[in-house]
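**Student:** Give me coordinates for this.
(one chain, ligands or ions: 1)
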Amino acid sequence: MQPLTILADDERLLRDSVYEFADKEIRPLVREMDEHAKFSPALIEKLFALGVMGIEIPESHGGGGATFFHSLLAIESLSRVDPSIAVMVDVQNTLVINALLRWGTDDVKTRFLPKMATHLVGAYALSEAGSGSDAFALTTRATEQGGDWLLTGRKLWITNGSEAGLFIVFANVNPEAGYRGITAFLVERGFPGFSVGKKEDKLGIRASSTCELLFDGCRVPKANVLGEVGKGYKVAIETLNEGRIGIGAQMIGLAQGALDHAITYVAERKQFGKAIGEFQAVQHQIARAATEIEAARLLVYNAGRLRDAKLPFLTEAAMCKIFSSEVAERTASLAVNLFGGNGFVKEYPVEKLYRDAKIGQIYEGTSNLQLQTIAKNIMG
Ligand SMILES: Cc1cc2nc3c(=O)[nH]c(=O)nc-3n(C[C@H](O)[C@H](O)[C@H](O)COP(=O)(O)OP(=O)(O)OC[C@H]3O[C@@H](n4cnc5c(N)ncnc54)[C@H](O)[C@@H]3O)c2cc1C
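**Tutor:** Here you go, the predicted model:
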């Protein structure tokens, strides 16, 4: 029986090499990307070269041929340095590629997966102004015309909107059928009638683009329907059920990054004639945070391992997301406290992590929605 945190050689290699990359290539850019709210384009190419943009894509399609759990390790390692970079990798792997692998026809896989392994960024467009938690109330419409589908509507909050070339877009083909009309479409940048609108100016994960998408009679060929017509609700829900484990991984990476900074700082900062890390009160705060991170990591790893073992994981995924996002917020807050005044200014890295942490309780299902899932599963 393998302990949960003991990684196989290839898993450890991936985790460590991605962290090394993040430390060397991303860390110097973190502050600038946050200030300008923009991803460095060169970095996207480097993420592809590193192999973290197509982790689960089979080798026959040019990808890493690895597992969902490997994606979690990459997301965790990147988040330790910059959670806003990690979310691009998260959406690419745990939502878009995951959905293409599960629901794509051979034709869809052959057309898109080799590109996604080398240069094509993906986005996942479910939310709208009037449908967030109540995702199936979406109003983007798809009507059939001349063998194609025409999409009309507006999506909001779409991660990777600025960089993506491929968008999984959920629209309803038959509103009278309710959620049973929802269908997933593969919209390519450049399709007539499709445009990327306003980019949000955010509190945290600022380098990650979050955009409005506009569909004005956007023509989508039949071959770009993902899964069955009217079964898009299954694509949406089943992908998000797994995707939220990725957010758990993002949050434990963020928490670990904040704790790393705090441990370094308290060893250097002197007050009352000694390093503040020598005060037992400070040591206990750090010990408590480390304990919480370990507990959150066990939840995330367990949910990921369950998913890869094809065992039930829904409750565990919801638990790992809610708990790790709360641990991230608490740990980042502690790091700000331990940095004192320096924790409150942009010259030091922890105020950004504090801002970044908040998103974990909002996207891919708010904390209330996670609690609802857990309660439903354990109370019947
Ligand atoms: C930075 C960012 C990136 C995002 N990326 C994407 C993306 O790539 N693709 C995408 O499709 N969406 C994305 N989203 C949207 C995100 O998933 C939604 O914001 C989220 O699901 C919440 O929806 P909402 O904002 O409409 O809030 P609401 O649903 O209006 O919720 C507001 C509050 O009400 C509570 N609430 C709602 N219903 C209930 C209930 N039944 N019981 C108890 N409490 C309830 C919620 O918990 C929350 O606290 C992103 C959002 C952000 C901010």
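
**Student:** Tell me where the model's unsure across this protein.
**Tutor:** Within the chain, not a single segment meets pLDDT under 70.

**Student:** how many neighbours does the closest residue to the ligand within the chain have?
**Tutor:** Evaluated by CB to the nearest ligand atom, the chain has residue 132 as its residue closest to the ligand, separated by 1.7 Å. Yep, even glycine has a C-beta here, placed from its N, CA and C like the rest. When neighbours are counted by other CB atoms under 10 Å, residue 132 registers 18.

**Student:** tell me the phi and psi of it?
**Tutor:** The phi/psi pair for residue 132 (degrees, to the nearest 10) reads phi -110, psi -90.

**Student:** quick one: it from residue 73, how far?
**Tutor:** Using CB to CB, to the nearest Å, residue 132 is found at 29 Å from residue 73.

**Student:** Find the nearest non-adjacent residue to residue 117, please.
**Tutor:** Counting by CB to CB, 6 or more residues apart in numbering, residue 54 is the residue found nearest to residue 117 once chain neighbours are left out, at 3.3 Å.

**Student:** where along the protein do the helices fall?
**Tutor:** With DSSP state H, the ranges of helices along the chain come out as 9-21, 30-36, 41-50, 68-79, 83-90, 98-103, 106-118, 232-268, 280-308, 314-339, 350-357, 367-379.

**Student:** Specify the beta-bridge partners of the closest residue to residue 228 other than its chain neighbours.
**Tutor:** In space, and not counting its chain neighbours, residue 228 is closest to residue 183: 7.9 Å by CB to CB, 6+ apart. Beta-bridge pairing of residue 183, defined through DSSP bridges, involves residue 171.

**Student:** right, and residue 183 touches residue 225 too?
**Tutor:** Yes: using CB atoms under 8 Å, residue 183 makes contact with residue 225 at a distance of 6.3 Å.

**Student:** Could you measure from the closest residue to residue 189 other than its chain neighbours over to residue 119?
**Tutor:** Distances taken as CB to CB, 6+ apart place residue 165 nearest to residue 189, at 4.8 Å, with adjacent residues excluded. According to CB to CB, residue 165 and residue 119 sit 8 Å apart.

**Student:** the more surrounded of those two?
**Tutor:** Per other CB under 10 Å, whichever of residue 165 and residue 119 has more neighbours is residue 165, with 17 against 12.

**Student:** wait, what's in contact with that one?
**Tutor:** Applying CB atoms under 8 Å, 6 or more residues apart in numbering, we find residue 165 in contact with 115, 120, 121, 122, 188, 189.

**Student:** And for the protein, the residue most distant from the center?
**Tutor:** Distance from the C-alpha centroid of the chain, by CA atoms, centre = their mean, peaks at residue 273 (43.5 Å).

**Student:** Torsion angles phi and psi at that residue?
**Tutor:** Note on residue 273: backbone dihedrals following degrees, to the nearest 10 are phi 80, psi 0.

**Student:** who's in contact with the residue nearest to residue 228?
**Tutor:** Counting by CB under 8 Å, 6+ apart, residue 183 makes contact with 142, 149, 170-173, 225, 227-232.

**Student:** Up against the ligand, what does the stretch 101-250 of the chain have?
**Tutor:** Contact residues, the stretch 101-250 of the chain versus the ligand (CB under 6 Å from any ligand atom): 124, 125, 126, 127, 132, 133, 157, 158, 159, 202, 205, 210.

**Student:** ok so, going back, would you reformat the helices of the chain as a markdown table and include mean neighbour count?
**Tutor:** Shown next, in a markdown table, are the helices of the chain (neighbours: other CB atoms under 10 Å):
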| stretch | mean neighbour count |
| --- | --- |
| helix 9-21 | 16 |
| helix 30-36 | 16 |
| helix 41-50 | 15 |
| helix 68-79 | 28 |
| helix 83-90 | 28 |
| helix 98-103 | 21 |
| helix 106-118 | 17 |
| helix 232-268 | 24 |
| helix 280-308 | 18 |
| helix 314-339 | 24 |
| helix 350-357 | 24 |
| helix 367-379 | 14 |
